[in-house]
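Engineer: got a predicted structure here, sequence first:
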Amino acid sequence: VKHRKSPHLADHIIAWTSLPVGVVSLAERYGGRDVTSQIYGAMVTDVLGMIGKFAAREILGVRAKGENFHLLGTSGTVTTLAGIHLGLARYDRRQVDGLWMEESEVTAMTDRLLSWSFDERVANACIGAERADLVLGGCAILDAIRRTWPSERLRVADRGLREGLLTEMMSSAGVWRRRFEGE
């Protein structure tokens with residue numbers, strides 16, 4: 001696969017998919033309140049099955065074996081794991097956005113969350129009552145991705161999909177170019 005030089009993010013995407021699963025659907029299917037190791041394993045296996053056909057595409061395997069390959073996680077579960085990893089008393093976007101986490105650190109945070117009761121997840125300010133039943137479903141999705149495309153590092157981005165789309169549209173419209181040419 002040849003790398004194309006382009007300022008447009010969309011020109012660097014070699015493949016993408018959307019899976020019929022999310023944290024809410026996993027919590028509805030498996031329960032999110034009392035998640036055992038067995039239930040968690042079933043969630044990961046379920047997601048692995050959904051990723052399978054997409055992951056089998058040869059182009060993705062070639063690309064993912066490069067020495068600079070890493071995963072990029074945006075919002076939700078990944079930022080929650082980062083906040084817990086940093087030991088934040090309450091979530092702070094400025095400390096989380098851009099953080100690099102090693103594979104072993106991601107695994108340790110997932111294991112830690114899996115060992116917590118529902119009430120302990122509720123009590124953590126980086127999770128709270130709104131996400132306490134959803135966060136382990138998110139970890140299961142992340143673990144399925146990590147098993148499919150092993151990576152030594154994960155980059156955490158708090159600014160999610162909407163910000164990326166907005167930046168791409170602004171770049172395409174020449175907003176960035178005009179701003180910096182005049183300075």
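Structural biologist: Sure, I can see it.
Engineer: what is the burial count for residue 49?
Structural biologist: Neighbourhood size, residue 49 [other CB atoms under 10 Å]: 11. Using the backbone N, CA and C atoms, a C-beta is placed for each residue, glycine as well.
Engineer: element containing it, please.
Structural biologist: helix 37-55 (DSSP states H and E).
Engineer: likewise residue 154?
Structural biologist: Assigned by DSSP H and E, residue 154 belongs to strand 153-157.
Engineer: tell me which other helices or strands that strand touches.
Structural biologist: strand 71-74, helix 76-85, strand 100-102, helix 103-115 (3 or more CB pairs under 8 Å, 6 or more residues apart in numbering; DSSP states H and E).
Engineer: nearest residue to residue 103 in space, please, no chain neighbours.
Structural biologist: In this structure, residue 103 finds its nearest non-sequential neighbour in residue 152, 5.3 Å apart by CB to CB, 6 or more residues apart in numbering.
Engineer: ok, back up a step: just put the helices and strands packed on strand 153-157 in JSON lines and tack on mean pLDDT, distance to residue 147 and mean neighbour count.
Structural biologist: As requested, those are arranged in JSON lines below (pLDDT from 0 to 100; distance: least, CB to CB, whole Å; neighbours: other CB atoms under 10 Å):
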{"stretch": "strand 71-74", "mean pLDDT": "86", "distance to residue 147": "12", "mean neighbour count": "18"}
{"stretch": "helix 76-85", "mean pLDDT": "95", "distance to residue 147": "15", "mean neighbour count": "24"}
{"stretch": "strand 100-102", "mean pLDDT": "96", "distance to residue 147": "16", "mean neighbour count": "15"}
{"stretch": "helix 103-115", "mean pLDDT": "96", "distance to residue 147": "11", "mean neighbour count": "16"}
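Engineer: the ones you listed: which one's closest to residue 34?
Structural biologist: helix 103-115 (11.4 Å; CB to CB).
Engineer: keeping just the C-alphas, turn the next helix or strand after the closest one into CSV.
Structural biologist: Sequence-wise, the next helix or strand downstream of helix 103-115 (DSSP H and E) is helix 118-123. In CSV, the C-alpha atoms belonging to helix 118-123 read as follows (Å, rounded to 0.1, in the frame of the first residue of the first chain):
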residue,chain,number,x,y,z
PHE,A,118,-21.4,-1.6,39.8
ASP,A,119,-21.4,0.7,42.8
GLU,A,120,-17.6,1.2,42.6
ARG,A,121,-18.0,2.1,39.0
VAL,A,122,-20.7,4.6,39.9
ALA,A,123,-18.5,6.1,42.6
